[in-house]
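Enquirer: got a predicted structure plus its sequence, pasted below:
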Amino acid sequence: MKLIVFDKDGTLMELGSPIVKLADDLINEFSSRTNVHVPKSEIKDAFGIIDDKIDRVLSSDKAKQIVSKLRVLPNGEQLSQWTLDKMAHLSTDNEKDDIEIIDGIPETLATLKEQGYQLAIVSADDNESMDLFVDKYNIRKYFDLIVTSDSSPYQKPQKALMDTILSHFDVSKEETMMVGDTEMDVLLGRNGEVAHVVGVLSGSGDRQDLGNADTILANVNELLKYIDEHIDK
């Protein structure tokens, strides 16, 4: 095996509140039923789960009145624009605060790289959300490819998505493992006909959802032992 492809939310990153898990399930179900590509971040925004309190404040009449009154001050246009820019960053900053990596993931990724594996992430999130995660925990260096809704016209579980990843690395499906926490991740591996499909219980999927995987682990940190015991080097 040469390549390991990871999902992000629920696999490498904590999903957080139940409503986040619901959004994660919803985007997978929507993609499966409609074959329409919708970034996960848009579903989350629709639920108002990314700092909904601040979002409501920023869109309130009171906030608009404050900005409007600033415009009448000397240099008011610049001051009001500065205020708007600062307010726009509040949600992003708060989202960054809420992002939590699953314990032990950086160490596991480092070990896999030391063992010579190529690593990739494939996620329905957009570039901004992905960047917040990988840069907050300084794990970008472990990945040879990061695929988001902004960088690919394909979506889980389309075979073309996995084909594109394999083509980038010039590896075969027999040399590849897919790791994820949802049925869509498992289906992506199956549709892509990769050699190993691993489900993890750290996210929104349960054993029934992940039943078509080759094996089900508690989390990614159990992957090292599984590879050592079951995968030919």
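Expert: Arrived safely.

Enquirer: mind showing which ranges of this structure have poor pLDDT?
Expert: 16-67, 70, 83-97, 233 (pLDDT under 70).

Enquirer: quick one, strands of it?
Expert: 3-6, 118-122, 145-147, 176-180, 196-200, 215-217 (DSSP state E).

Enquirer: from the contact counts, what lies against the second one?
Expert: Using 3 or more Cβ pairs under 8 Å, 6 or more residues apart in numbering; DSSP states H and E as the contact test, the elements touching strand 118-122 are strand 3-6, helix 105-114, strand 145-147, helix 159-169. Glycine gets a C-beta too; all of them are placed from N, C-alpha and C.

Enquirer: how far is that strand from where the chain is centred?
Expert: Strand 118-122 sits 12 Å away from the centroid of its parent chain (Cα atoms, centre = their mean, to the nearest Å).

Enquirer: let me know the angle separating it from strand 176-180.
Expert: 40 degrees (axes from the mean of the first three to the mean of the last three Cα atoms, to 10 degrees).

Enquirer: quick one on the thing from earlier: so of the helices and strands packed on strand 118-122, which one's packed in deepest?
Expert: Comparing these by mean neighbour count (mean count of other Cβ atoms under 10 Å), strand 3-6 comes out on top with a mean of 24.

Enquirer: quick one: that one to chain centroid distance?
Expert: Distance of strand 3-6 from its chain centroid, counting by Cα atoms, centre = their mean, is 14 Å.

Enquirer: partner strands of that strand and their direction?
Expert: Sheet pairing of strand 3-6 (DSSP bridges) gives strand 118-122 (parallel), strand 176-180 (parallel).

Enquirer: okay if I get those as TSV plus mean neighbour count and distance to Asp206?
Expert: Shown next, in TSV, are the strands paired with strand 3-6 (neighbours: other Cβ atoms under 10 Å; distance: least, Cβ to Cβ, whole Å):
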stretch	mean neighbour count	distance to Asp206
strand 118-122	21	21
strand 176-180	27	13
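
Enquirer: as a markdown table, those strands with distance to Val194 would be great.
Expert: Shown next, in a markdown table, are these (distance: least, Cβ to Cβ, whole Å):
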| stretch | distance to Val194 |
| --- | --- |
| strand 118-122 | 12 |
| strand 176-180 | 4 |
